[in-house]
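Peer 1: just to be clear, the model below is a prediction. Sequence and coordinates:
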Amino acid sequence: MRYQNDIKMKEKILFTEQQKLWQPATWVLSMLLLCIPFLFLRGVIRQWVHGIPFGHPPLGTATLIAIAAVLFIMVICLILLLFVIQIDTVVSSEGISLKTFPFHRSFRLYRWENISAAYVKRYNPIKEFGVGGNGIRFGPRTQVYAVSGMQRLHIEFKNGKRLLIGTKKAKELAWAINKAKEMNINNQFKI
């Protein structure tokens, strides 16, 4: 199993899940983003070919071409980033590991002894996060990694911070957390 080598731990792996950000909503967002540089390209054509000035005051044709090129490159880079983002979650006998590629190059292990509660719960991403719905978000006391699914793993740490991880495998994840609790009977945490 590839996680065993990537995590480099001796513990027993109970659950793995890989989620990608690339979903139908991402396709729609990508197509909308691609419209932006094409609006400037349209302005270049109107100004260069038809002599209709673009902007107030009108921008030079070279400036319009440069803006369109820079916007196009930025949009392509953003779309490629959306395409490669993935969240890997692993539950093991030592704790819960999380990796968000390409931002994290290796797994971050959250040990059971630092966790006061861990449970899976259904949620409404639009109600809780607004129009953006799912996403990767950072707050002063809470981190959220939710790119798909209507369920998420709530992890509450002994220091009062929280980590929320989206999942499409809620039943398997809940089973793995219960199994980890049995394996770590000395560490008292709530499920």
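Peer 2: Yes, it's here.

Peer 1: any stretches of this protein with poor pLDDT?
Peer 2: Applying pLDDT under 70 to the chain flags the ranges 1-11, 22, 124-135, 149, 184-191.

Peer 1: check contacts around residue 105.
Peer 2: The contact partners of residue 105, by C-beta atoms under 8 Å, 6 or more residues apart in numbering, come to none. Bear in mind the C-beta positions are built from the backbone N, C-alpha and C, glycine included.

Peer 1: residue 81 versus that one, what's the distance?
Peer 2: 15 Å (C-beta to C-beta, to the nearest Å).

Peer 1: can I get the helix or strand hosting residue 65 as CSV, trimmed to CA atoms?
Peer 2: Using DSSP states H and E, residue 65 sits within helix 61-84. Only the C-alpha atoms of helix 61-84 are listed here, as CSV (Å, rounded to 0.1, in the frame of the first residue of the first chain):
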residue,chain,number,x,y,z
THR,A,61,-3.1,47.7,-28.3
ALA,A,62,0.3,46.4,-26.9
THR,A,63,-1.0,47.0,-23.4
LEU,A,64,-4.2,45.1,-24.1
ILE,A,65,-2.2,42.2,-25.6
ALA,A,66,0.1,42.1,-22.6
ILE,A,67,-2.8,42.1,-20.1
ALA,A,68,-4.6,39.4,-22.1
ALA,A,69,-1.4,37.2,-22.1
VAL,A,70,-0.8,37.7,-18.4
LEU,A,71,-4.4,36.9,-17.5
PHE,A,72,-4.4,33.9,-19.7
ILE,A,73,-1.2,32.5,-18.1
MET,A,74,-2.6,33.2,-14.6
VAL,A,75,-5.9,31.5,-15.3
ILE,A,76,-4.2,28.4,-16.8
CYS,A,77,-1.9,28.2,-13.7
LEU,A,78,-4.9,28.4,-11.4
ILE,A,79,-6.8,25.7,-13.4
LEU,A,80,-3.7,23.5,-13.3
LEU,A,81,-3.6,24.0,-9.5
LEU,A,82,-7.2,23.1,-9.1
PHE,A,83,-6.6,20.0,-11.2
VAL,A,84,-3.7,18.7,-9.0
